[in-house]
Structure formats: C-alpha cells, structure tokens
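Colleague: I would like to see how this sequence folds:
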Amino acid sequence: PKGEVFFGGLLGLVMFDPRDFRASVRPPGVTLTEFAVFGGRGGQSGGRVGTNAAWLGGLELAPGESIWRIGFSTMEFLGPQHARYQFRLVGLNDAWLDLPDGQHAATFTHVPAGTYTFAVRAQAAGGDFGPETTLPVTILAPWWRRPWALAAYAIGTVLVLATVAWRVRRNFALRARQQA
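Modeller: I've put the predicted structure just below:
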C-alpha cells in the first residue's frame with residue numbers, strides 16, 4: 001500500500017521501496033565493445049571485424065585498411081539513451097569531438113601512417129564526464145615509405161651519384177691523355 005515491492009527468495013522476504021533509489025552521481029566509465037576494419041588492398045571490399053575490443057592491447061592497421069571503426073558503450077543502465085560520448089585520436093586531433101545522441105562508435109577514414117591513441121569518455125545525463133578509455137592505434141606505412149625503404153633509396157642515390165662522378169672523372173682523365 002505504500003509503494004514497496006516484496007520479493008520472496010531462498011533466504012526469506014526482501015522489501016524494496018523504489019523511492020529510496022537514487023541515481024548514481026559517479027561519472028560513467030566506457031568499455032570498448034567492437035572494432036571493424038573496412039577496405040582491403042587495392043580497393044578490395046574485404047575487412048575484418050572483431051568483438052571484445054576491451055581486451056585489445058592495441059590495434060595495428062595495414063596500409064590498405066583505410067576505413068575503421070571502434071564501438072563502445074557505458075555500463076550506465078539508468079537512461080543509457082541519455083549518455084553522451086566524446087572521442088579523440090591523440091596525435092591526429094587532440095580536441096574532443098562530440099558524438100550525436102544515440103551514436104556509440106567512432107569511424108575514421110584515411111588516417112595517415114603513424115602511432116596514435118584513441119580515447120573516449122562518457123557523460124551521464126547532466127553529470128560530469130567520466131574517465132577516458134584509451135587504445136593504442138598503429139597505422140603502418142606502405143612498404144615504399146618504411147624506414148628500410150628510405151634507407152635503400154638513400155644508398156641507391158649515393159651509389160648512382162658516386163658512379164656518375166667516377167665516370168665523369170674517368171672521361172676527363174681519358175681526354176687529358178688523348179690530348180697529351
């Protein structure tokens with residue numbers, strides 16, 4: 001009659017008054033839920049999808065994997081539709097970007113090769129933003145832009161210039177002998 005709810009269990013009767021329930025004032029944490037990589041080599045439409053992204057130590061992308069998405073969720077069960085998310089890719093854009101209501105994933109396209117840190121945080125309705133959740137992301141450069149390739153280009157250039165210089169000196173020496 002007063003609004004209480006009673007539950008019977010193995011250890012007896014439990015009474016619960018919904019009016020005693022208070023919303024959490026603690027900012028929500030974020031869990032990474034999935035990742036998906038689209039676009040294969042040479043424009044192929046193949047991709048890879050993974051779940052349990054929370055267990056990833058990091059994400060490494062090949063040069064042709066130019067479109068990728070990271071999904072996330074908050075463990076806020078009271079009004080999850082009111083949770084707001086912000087994300088950033090540290091190393092590319094250090095500013096926090098707001099996601100529209102109801103969106104729980106960040107999609108990236110054509111991010112240059114490099115090492116980045118994906119960060120996401122959530123805000124419960126009217127509360128503060130919670131702690132950020134991070135994931136290291138490495139995007140590999142194409143083989144022709146990797147350090148060993150650049151070193152090979154430098155060595156090749158030096159060898160070509162040395163050969164040209166040697167040939168020019170040799171031709172000058174030959175002409176000098178012929179004129180003497």
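Colleague: CA only for contacts and neighbour counts going forward, please
Modeller: Noted.
Colleague: which residues in this structure form strands?
Modeller: Along the chain, counting by DSSP state E, strands occupy 5-9, 12-16, 30-38, 47-51, 59-61, 67-74, 84-90, 93-98, 105-109, 114-123, 133-139.
Colleague: possible to save the ones you listed as a markdown table with mean neighbour count?
Modeller: Formatted as a markdown table, the strands of the chain follow (neighbours: other C-alpha atoms under 10 Å):
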| stretch | mean neighbour count |
| --- | --- |
| strand 5-9 | 10 |
| strand 12-16 | 10 |
| strand 30-38 | 20 |
| strand 47-51 | 13 |
| strand 59-61 | 15 |
| strand 67-74 | 19 |
| strand 84-90 | 21 |
| strand 93-98 | 13 |
| strand 105-109 | 15 |
| strand 114-123 | 21 |
| strand 133-139 | 18 |
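Colleague: Any idea which of the ones you listed has the lowest pLDDT on average?
Modeller: In terms of average pLDDT, strand 47-51 trails the rest of those, at a mean of 61.
Colleague: coming back round to it: minimum distance to residue 150: which of the strands of the chain has it?
Modeller: Nearest of the strands of the chain to residue 150, taken as C-alpha to C-alpha: strand 114-123 at 15.8 Å.
Colleague: Quick one: list the elements packing against the closest one.
Modeller: With contacts defined as 3 or more C-alpha pairs under 8 Å, 6 or more residues apart in numbering; DSSP states H and E, the packing partners of strand 114-123 are strand 30-38, strand 84-90, strand 133-139.
Colleague: how about those strands, which one is nearest residue 164?
Modeller: Per C-alpha to C-alpha, nearest to residue 164 of the helices and strands packed on strand 114-123: strand 133-139, 38.2 Å.
Colleague: how big is the angle separating that closest one from strand 67-74?
Modeller: With axes from the mean of the first three to the mean of the last three C-alpha atoms, to 10 degrees defining the directions, strand 133-139 sits at 170 degrees from strand 67-74.
Colleague: who's in contact with strand 133-139?
Modeller: Residues outside strand 133-139 that contact it (C-alpha atoms under 8 Å, 6 or more residues apart in numbering): 29-32, 56-63, 111-121.
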